[in-house]
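J.: Can you look at this prediction? I've put the sequence above it.
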Amino acid sequence: METSRPVVVKRMPSRVDQQAAREFLREVQPFLKSDRPQLVFDLSQVKQLDSTGVDVLLHCMTEAVRRDGDLKLAALSPESAIILEITRTARLFEIFETSTDAARSFTSFLPNFVRNQITRRPPTDEERIAA
Amino acid sequence: MDVRAILLTGNLGDSKCEGFGEVPFTLLDALGRPVLHHVVERLRQAGLQSSDISVLGNLHPAAAAYSQRVVEALGVPWTNYSGASLVRAAEGKFAEYAHAGAEVILVIQAGAYAEIGYEGLIQFHLESQNRVTCVSDEDGLVGTFAISSSRRNDAAYLFRHNLQSCRTTSVPYITGGYVNRLQNAADFRKLIIDAFAEENSIRPVGREIRPGVWAGTGSRIEREARIVAPAYIGAGAKICKSAVVTRGSNVERSAFVDCGTVVENATVLPSSYVGAGLDVSHAVVGFRRIAHIDRKIEIEVHDRRLLAPAPKAIAWTMTGLAAAMMELLRHGRISDRKPVPATVHDLPPQIATDPEPADVPVSNELQHIAINGEPIEYPNSVAVMRRYGNQ
């Protein structure tokens, strides 16, 4: 089914400089190459983010969107939030308070009939007749 | 009357002083001059000489070097001490001034900016016969004290209690002047905004090039840059093209704001480079740090593409000269050879072999363009503009 695609939540390292960013990109590359990737990056541990880290985020976003997927950010640390803000990249991402919220958001935009199939029990005969 | 002053930068105790990084806010530039400069100027107006004023600090060595330059530029001696030795140094300085014949000694915690009439304070101190007169406003102590030089024990008590409590109760001197405690970056920004609004006596150093826009000597604002009042560009600062400085922002001396960067309600500290295409708002930036006012956090930035110390002006001049030379050489203006327009043979084959669009019907008056088979007519003078953002 449409909703069975996994949401990958990845925690970013505390220091995202050139080397760490390259390593992080290598780790997430397989997920980016999957069909319609759904990714959440948790930035709660990030204490130092530089422009290379921002480049990696943008690259991942581009790759995910190219494959009809999406990348969302969650639990931004104050340090990462400031860097994303001053580099004007915060507005390009959907940002959530927690990674759980971000993961849930991937199903929230589905059409109602699809969501009902996931979350609700099938209607009884009486309900069907009443409808 | 012999009056002397001891200015204390940094805390008397072991606690960290309020400041940007390790530098107290009073030593940072506000519209062209350090805040401390205004305090020293007020003391001079009250009749004190530079030799009557001492600045004692308790700062981290990295901040001390910067602070020393700032204070010595004011013509006032500066000594840095570590930890609790500042208390002993303050007591020693007090005793030295007392021996030298001072009658009243002003002790000023230079962590706050207070516009106090020092002559009025001294007069009040003498009339009320206080041992120690505390200056306060509606929010409490301001951090300025007038102490009779014979009251060495009271002074020692005050120093040992980090200027927070006095040995004996006394009638406080209530000031109605402007007071900013400069406890955080938001307070520092408020000081700048208040100065633009003329709510305090700090005035921008430089020439008012447009209503509400001041520029220091040697500042360079490129033609395509946009400065929206109120704003201040310090001496030797450079604002590159497409940059915007707005909403009460101040770019201090020798700072460099690169192309396309927006500085909004923010302070760029002296000799700081702000990278291209950034959005610096509600912040104090410089010394490789950003203090965000809304988020109430200060972070260190190690990326030279974002924040860095500004290169020396001479380096930029040399770079500019080199770029100009390259430009001249490229256009052949130095050599005798005149630039030759490209011919069809010079062009790459895929371009050169393209047929000329001779069969496109173009009239002098109207261009005939067909959309969905129906011809529409546009006069030559029509320009098509693309809409961006809120335009």
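T.: That came in fine, so what should we check first?
J.: residues contacting the residue in chain B positioned nearest to chain A?
T.: The minimum distance from chain B to chain A, using CB to the nearest CB, falls at B:D303 (3.6 Å). Backbone N, C-alpha and C define where each C-beta goes, glycine included. Contact analysis of B:D303 by CB atoms under 8 Å, 6 or more residues apart in numbering or on different chains lists A:50-52, B:275.
J.: Do me a favour and get the end-to-end distance for stretch B:256-264?
T.: With CA to CA, to the nearest Å as the measure, the ends of stretch B:256-264 fall 15 Å from one another.
J.: For it, buried residues please.
T.: Counting neighbours by 16 or more other CB atoms under 10 Å in any protein chain shown, one finds that the buried residues in stretch B:256-264 are B:256-258, B:260-264.
J.: quick one: low-confidence parts of the chain?
T.: Looking at chain A here, since you left the chain open. Applying pLDDT under 70 to chain A picks out residues A:1-4, A:108-131.
J.: if you could check chain B rather than the one you did, that'd help
T.: In the prediction, chain B carries residues with pLDDT under 70 at positions B:12-17, B:83, B:312-321, B:323-324, B:327-328, B:330-391.
J.: can you map out the helices along it?
T.: Ranges of helices within chain B are B:35-45, B:61-73, B:85-99, B:118-128, B:152-160, B:185-196, B:313-330, B:349-352, based on DSSP state H.
J.: Including mean neighbour count and distance to chain A, could the ones you listed go into CSV?
T.: Listed next are the helices of chain B as CSV, based on neighbours: other CB atoms under 10 Å in any protein chain shown; distance: least, CB to the nearest CB, whole Å:
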stretch, mean neighbour count, distance to chain A
helix B:35-45, 20, 25
helix B:61-73, 17, 19
helix B:85-99, 18, 32
helix B:118-128, 17, 40
helix B:152-160, 19, 36
helix B:185-196, 20, 12
helix B:313-330, 11, 21
helix B:349-352, 9, 28
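J.: Not counting residues beside it along the chain, what's closest to the residue in chain A positioned nearest to chain B?
T.: Residue of chain A nearest chain B, by CB to the nearest CB: A:D50 (3.6 Å). Counting by CB to CB, 6 or more residues apart in numbering or on different chains, A:D50 lies nearest to B:D303, which is 3.6 Å off, once chain neighbours are set aside.
J.: now do B:A195
T.: Nearest non-adjacent residue to B:A195 (CB to CB, 6+ apart): B:I202, at 4.0 Å.
J.: Tell me if I'm right that the one you found and B:I193 touch.
T.: No. If you go by CB atoms under 8 Å, B:I202 and B:I193 don't touch, sitting 10.9 Å apart.
J.: and the residue of chain B closest to chain A, what are its phi and psi?
T.: For B:D303, the backbone dihedrals (degrees, to the nearest 10) come out as phi -90, psi 120.
J.: hang on, the earlier thing: and the furthest pair within the buried residues of stretch B:256-264?
T.: Using CB to CB, these reach their maximum pairwise distance at B:F256 and B:E264, which is 17.4 Å.
J.: Looking at the helices of chain B, spot the one closest to A:I95.
T.: Among the helices of chain B, the nearest to A:I95 by CB to CB is helix B:185-196 (23.7 Å).
J.: just checking, what packs against the closest one?
T.: Counting contacts by 3 or more CB pairs under 8 Å, 6 or more residues apart in numbering or on different chains; DSSP states H and E, helix B:185-196 packs against strand B:29-30, strand B:179-180, strand B:262-268, strand B:279-286.
J.: Rebuild the ones you listed as a markdown table, extending it with distance to A:A81.
T.: Formatted as a markdown table, the helices and strands packed on helix B:185-196 follow (distance: least, CB to CB, whole Å):
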| stretch | distance to A:A81 |
| --- | --- |
| strand B:29-30 | 27 |
| strand B:179-180 | 28 |
| strand B:262-268 | 16 |
| strand B:279-286 | 12 |
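J.: What parts of chain A come near chain B?
T.: When proximity is defined by CB under 8 Å from any CB of the partner chain, chain A lies next to chain B at A:17, A:48, A:50-52, A:78-79, A:81-83, A:85-88.
J.: Fine by me, thanks again.
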